[in-house]
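Novice: structure, please.
(chains A and B)
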Amino acid sequence: MAEHYSSFTKGGRLWLWQRITAAFLVVVLAFHFFLLHFVYHADEVTFALSQARMTTLTYYSLMILFLFTATFHGVNGVYNALVNQGLTGTKRQAVKWTLVAASTVLLVQGVRTANAWAGFTTFF
Amino acid sequence: MSQSYNRGLIEDFGRWREFSAGMWAWIFHKFTGWVLVGYLFTHIAVLSTSIPASAGETVVYEGTQVDVYTGTIVALESLLVVRILEVGLLAVAVFHILNGLRLLFVDLGIGLESQDKSFYASLILTGAITVASVPTFIAGAF
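Specialist: Predicted coordinates for the structure are as follows:
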């Protein structure tokens, strides 16, 4: 039998969440690229156009979910890559909490940005 | 029944000449992942100009007063280097998506026997999609 060789804690759920978010991101990232480069074009971007999309509740919710899943998948991926490289002990804890802090800042700023388009009063 | 292979540590990059297809797929997936997560932070930082824009902040772009978000994005997109980097970003994202699908299937026990072929297919499809997208990505940059 193969030895247990993984950056994930045995019995943990992060492995599963990395896959669930991956399945979601495969579709939404492809949609994001297609919409913003092939339907709309890079040189046509304006505040009004972005605002028109973001004031649609379906689009706003999809983008917020996109932000949260991409942040989790990306930051958890970075953490796993570093653990694979042999990160342990205090350094591992320091990196973990730095990544948690960076993710929090990214999520807050991402939601504030989306809210600026959607016209929601920023609650942060 | 599953079989395990001892190919040694993949993290030992000095052995790269001995790497098999699956090991290259692992390295490319990590590399593209690092690029994408780095871009995510940059992307939100640039898009954050929508916050002052919504409060009425403007800039002058080519003699015209525009909101700071529109001015920032249009100025960035007018640079050829940004357009080229965007093509690179597309290549990175397409590979990560295709190889990610390959990984999801392998995790489900589908296609493990042909995982090397599906890696080559991911590479070829990434190249084809990227090349086909170049005209759209650089349109209006000149």
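Novice: from here on, just use CA atoms for contacts and neighbour counts.
Specialist: OK.
Novice: count of neighbours near the residue lying closest to residue B:84 once chain neighbours are set aside?
Specialist: When the adjacent residues along the chain are set aside, residue B:84 lies closest to residue B:138, with 7.5 Å between them (C-alpha to C-alpha, 6 or more residues apart in numbering or on different chains). Using other C-alpha atoms under 10 Å in any protein chain shown, residue B:138 is surrounded by 22 other residues.
Novice: contacts only, for the closest residue to chain B within chain A.
Specialist: Using C-alpha to the nearest C-alpha, the closest approach of chain A to chain B is made by residue A:46 at 4.8 Å. With contacts defined as C-alpha atoms under 8 Å, 6 or more residues apart in numbering or on different chains, residue A:46 is in contact with B:69, B:70, B:73, B:74.
Novice: check what pLDDT the third one gets.
Specialist: Think residue B:73. Note on residue B:73: pLDDT of 94.
Novice: so for stretch B:15-34, mean pLDDT?
Specialist: 88.
Novice: and the pLDDT at whichever residue of chain B sits closest to chain A?
Specialist: Scanning chain B for proximity to chain A using C-alpha to the nearest C-alpha identifies residue B:70 as nearest, at 4.8 Å. In this prediction, residue B:70 carries a pLDDT score of 95.
Novice: ok but it is inside a strand, no?
Specialist: No - the assignment for residue B:70 is helix, going by DSSP: H, G, I helix; E, B strand; the rest coil, so no strand is present there.
Novice: enumerate the residues of chain B near chain A.
Specialist: Within chain B, the positions near chain A by C-alpha under 8 Å from any C-alpha of the partner chain are B:3-4, B:11, B:30, B:33-34, B:36-37, B:40-41, B:44, B:47-51, B:53-54, B:67, B:69-70, B:73-74, B:77-78, B:90, B:94, B:97, B:100-101, B:104, B:136-137, B:139-141.
Novice: just the buried members of the residues you listed?
Specialist: When burial is judged by neighbour count using 16 or more other C-alpha atoms under 10 Å in any protein chain shown, the buried members of the residues of chain B next to chain A are B:30, B:33-34, B:36-37, B:40-41, B:44, B:47-51, B:53-54, B:67, B:69-70, B:73-74, B:77-78, B:90, B:94, B:97, B:100-101, B:104, B:137.
Novice: strands of the chain, residue ranges please.
Specialist: Since no chain was named, I'll use chain A. Assigned by DSSP state E, the strands in chain A number zero.
Novice: please go with chain B instead
Specialist: B:58-61, B:64-67.
Novice: where in chain A is pLDDT low?
Specialist: Low-confidence segments of chain A, defined by pLDDT under 70: A:1-11, A:122-124.
Novice: grab the longest helix from it for me.
Specialist: If you go by DSSP state H, chain A has its longest helix at helix A:89-118.
Novice: quick check: buried residues in that one?
Specialist: For helix A:89-118, the buried set under the neighbour-count rule, 16+ other C-alpha under 10 Å, comprises A:95-96, A:99, A:103, A:106-107, A:109-118.
Novice: can you narrow those to ones near chain B?
Specialist: Restricting the buried residues of helix A:89-118 to those adjacent to chain B (criterion: C-alpha under 8 Å from any C-alpha) gives A:106, A:109, A:110, A:112, A:113, A:116, A:117.
Novice: and which of these is nearest residue B:19?
Specialist: Each of these was scored against residue B:19 by C-alpha to C-alpha, and residue A:106 proved nearest at 35.9 Å.
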